[in-house]
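K.L.:
Sequence isn't available, so here's the structure alone:
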């Protein structure tokens, strides 16, 4: 029985070693291009959509979603983009004209405000979420824009600074 198990164990070890070697140089992060999602949100929203543009090197978009695909004229529209930052942490961007959108309330409900800061020529409110993450947000004309995540403050500030009207 031992003679039959030894070759099987060696084959299994060889397969595991080969798979580890094969995958060692593969980047597990799947980047997305948020452009079509941003354009869809901008086309359907009843407000001027903003989004980060021209971020420094090292910011990699990993998710983009909007509910604009099912929106009709006058319906609220929410746009969300997630980034992997240079420090391999998460930064999330949200813009919505629905104050009760899950993407907004999930971050701002229970958040503790800690004053304001000027970023990108705009005044943002800085706060800490219930999860202990930093959030930068602003509300104007019924539209909420926020940046939050596990990334360090300077990386979140870079995302907030890069927020511009779509098409500029």
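P.N.:
Here it is on my side, so go on. The structure presented is a predicted model; accordingly, all values stated were derived computationally and were not measured.

K.L.:
centre of the chain versus the helix of greatest length in the chain, how much separation?
P.N.:
Taking DSSP state H as the assignment, the helix of the chain that covers the most residues is helix 2-23. Its chain's average C-alpha position is 40 Å from that of helix 2-23, according to CA atoms, centre = their mean, to the nearest Å.

K.L.:
got it, and stretch 32-45?
P.N.:
Its chain's C-alpha centre and that of stretch 32-45 lie 14 Å apart, by CA atoms, centre = their mean.

K.L.:
do stretch 1-19 as well
P.N.:
Computed by CA atoms, centre = their mean, the chain-centroid distance of stretch 1-19 equals 43 Å.

K.L.:
That stretch - what's its average pLDDT?
P.N.:
Stretch 1-19 carries an average pLDDT of 75.

K.L.:
For that stretch, which outside residues touch it?
P.N.:
Residues from elsewhere that reach stretch 1-19 (CB atoms under 8 Å, 6 or more residues apart in numbering): none. Where C-beta positions appear, they are placed from N, C-alpha and C, glycine not excepted.

K.L.:
one step back: quick one: name whatever helix or strand follows the longest helix of the chain.
P.N.:
Next along the chain after helix 2-23, taking DSSP states H and E as the criterion, comes helix 35-44.

K.L.:
and that following helix, which residues are buried?
P.N.:
Within helix 35-44, the residues that qualify as buried by neighbour count (16 or more other CB atoms under 10 Å) are 37-42, 44.

K.L.:
what's the spacing between the next helix or strand along the chain from that helix and its chain's center?
P.N.:
Next helix or strand after helix 35-44 toward the C-terminus (DSSP H and E): strand 50-52. On the basis of CA atoms, centre = their mean, strand 50-52 sits 12 Å off its chain's mean C-alpha point.

K.L.:
do stretch 127-134 as well
P.N.:
Relative to the chain's own centre, stretch 127-134 is displaced by 16 Å; criterion: CA atoms, centre = their mean.

K.L.:
where in this protein is pLDDT low?
P.N.:
Where the chain drops to pLDDT under 70, the residues are 2, 18, 20-27, 168.

K.L.:
redo that, cut-off 90
P.N.:
1-32, 68-75, 99-100, 167-168 (pLDDT under 90).
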